[in-house]
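*Asks:* Just to be clear, the model below is a prediction. Sequence and coordinates:
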Amino acid sequence: MIKTLLLIVFLTLPHTSMAADLANGERINKNCALCHGSYGQGASGRLSPRLAGLPEYYLRKSIADYISGKRINPTMMKTSGLAQMSQQDIDDVTAYLSSLKIARDQRFNILQIVQGNPKNGEELYMDDCKTCHAQDGLGKEKKDSPPLAGQHPEYLFQSIQMFKGKVREHADDPDDETFTDYTNQEVLDMLAFAATLDDTLIVPGERFMPPRLMAARPPEPMPPRPAPGGGLRITDITQTVAQMELKPGVTREDAVQAMLSKAVELNLKLVGSQEVSKELESRGVETPFLAIYQFCNPMDARTMIINNPIFASYMPCRISLVEDAQGKLWLMMLNLDMLINSQLLPPEVVATAIRVNQQMLDIMVAGATGEF
């Protein structure tokens, strides 16, 4: 009987999931997390779509489109390493992201678009979107169509504008004219309706637990307590570091100039720099090269410390240029989308952290390539 049950479970598992190494997928996702959130939750805005819970077929198709050049995002290609991934790596990371069922958790519910009218949008959706994306918005594999339910509306709005402008193909058809006659208000109405479709996926009382943490089932985290006498308190932080080697031929001076120019372009202020190795060498101390550059947007800093003063420890945001033991030069930065006391950040803070990450990555890519 037990053998029969095990066989049934085995046969009902998706093929890719059976072959995938989810631990490797989790490792690869650390690169994706800088812009898409620690668990693929994405953020409101044009540049950070939700990846968590998307079907494997669509994630694989998207990756293939970026690798082939059909879709273009130079920063993502540089930071994600997509072009260097094996097919097994792609299967692993798509299986991992697809397994993250965050839509069941009310905290990840897609918020309504205040400018849109969902009642008007429902008619538009049923006329133009249902055939490929399904009535429930969960997509159709036979059409390679992704779910719209659970996706951030701002990202979908940007995608539709790209379809209208022929910057990106809709339905893999360069001549597709689905949205040609849509007004911006009609797009907002349709997306306002689409934003309601993930409501049916919510399981009351369910809280998303990342797979890595689920295995251990840690106790509910306690708030940090001050030491006797109001002394030192300790907060647990889980965080990743992004590293990027300078392209051959790019000098330290090239990298610094490119980073500073990109920061100006992004309206990020350089608030400080420290030439650590230069200072030590002036004292007669031989040392590998190390320089630290600090950038800040005061409003972003405000948003984050209002949520948790712990973020003050990471400000201003910094990029280090450091020489390793082999004489290679690297740029390094901290990922601001972190776990604090094993808890995910609130969506509004994730949105800020991801936007800052994206800006800092743009600066790093400029420095690593010497181009801006």
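*Replies:* Good, I have the coordinates. Numbering: from 1, shown residues only.
*Asks:* any idea which element residue 321 lies in?
*Replies:* strand 317-323 (DSSP states H and E).
*Asks:* what is the mean pLDDT for that strand?
*Replies:* Throughout strand 317-323, pLDDT has a mean value of 97.
*Asks:* Show residues contacting that strand.
*Replies:* 252, 255-256, 259, 277, 288-296, 329-334, 336, 356, 360, 363-364, 367 (Cβ atoms under 8 Å, 6 or more residues apart in numbering). The way it works is simple: take the backbone N, C-alpha and C, and place the C-beta from them, glycine included.
*Asks:* Check what pLDDT residue 36 gets.
*Replies:* 95.
*Asks:* Residue 293 versus that one, what's the distance?
*Replies:* Distance, residue 36 to residue 293, using Cβ to Cβ, to the nearest Å: 25 Å.
*Asks:* Going by residue numbers, what spans are strands in the protein?
*Replies:* 237-238, 241-245, 269-274, 290-296, 317-323, 329-334, 339-340 (DSSP state E).
*Asks:* For residue 138, which of those strands is the nearest?
*Replies:* The closest of the strands of the chain to residue 138 is strand 339-340. By Cβ to Cβ, the value is 29.1 Å.
*Asks:* by contact count, what packs against that closest one?
*Replies:* strand 237-238 (3 or more Cβ pairs under 8 Å, 6 or more residues apart in numbering; DSSP states H and E).
*Asks:* Where do the helices of the stretch 201-350 of the chain begin and end?
*Replies:* Counting by DSSP state H, counting those that start in this stretch, the stretch 201-350 of the chain has helices at residues 211-216, 252-265, 276-282, 298-307, 347-369.
*Asks:* Those: which one's closest to residue 49?
*Replies:* helix 347-369 (11.0 Å).
*Asks:* Give me the mean pLDDT for the closest one.
*Replies:* Mean predicted confidence for helix 347-369 is 94.
*Asks:* what do you get for stretch 240-253?
*Replies:* For stretch 240-253, the per-residue pLDDT averages 96.
*Asks:* quick one: low-confidence ranges for the stretch 1-150 of the chain?
*Replies:* The model of the stretch 1-150 of the chain has pLDDT under 70 over residues 1-18.
*Asks:* Not counting residues beside it along the chain, what's closest to residue 261?
*Replies:* residue 372 (4.6 Å; Cβ to Cβ, 6 or more residues apart in numbering).
*Asks:* pretty sure the one you found contacts residue 256?
*Replies:* No. Counting by Cβ atoms under 8 Å, residue 372 sits too far from residue 256 to count as a contact (11.5 Å).
*Asks:* Next up, the contacts around residue 125.
*Replies:* 137, 190, 193-194.
*Asks:* can you put those in JSON lines and add distance to residue 120 and neighbour count?
*Replies:* Formatted as JSON lines, those follow (distance: Cβ to Cβ, whole Å; neighbours: other Cβ atoms under 10 Å):
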{"residue": "137", "distance to residue 120": "17", "neighbour count": "23"}
{"residue": "190", "distance to residue 120": "8", "neighbour count": "31"}
{"residue": "193", "distance to residue 120": "8", "neighbour count": "24"}
{"residue": "194", "distance to residue 120": "13", "neighbour count": "27"}
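*Asks:* and which of those residues is nearest to residue 208?
*Replies:* residue 137 (19.8 Å).
*Asks:* just to revisit the earlier point, can I get the strands of the chain in a markdown table with mean neighbour count and distance to residue 72?
*Replies:* As requested, those are exported to a markdown table (neighbours: other Cβ atoms under 10 Å; distance: least, Cβ to Cβ, whole Å):
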| stretch | mean neighbour count | distance to residue 72 |
| --- | --- | --- |
| strand 237-238 | 14 | 33 |
| strand 241-245 | 15 | 20 |
| strand 269-274 | 14 | 29 |
| strand 290-296 | 19 | 26 |
| strand 317-323 | 20 | 25 |
| strand 329-334 | 19 | 23 |
| strand 339-340 | 18 | 32 |
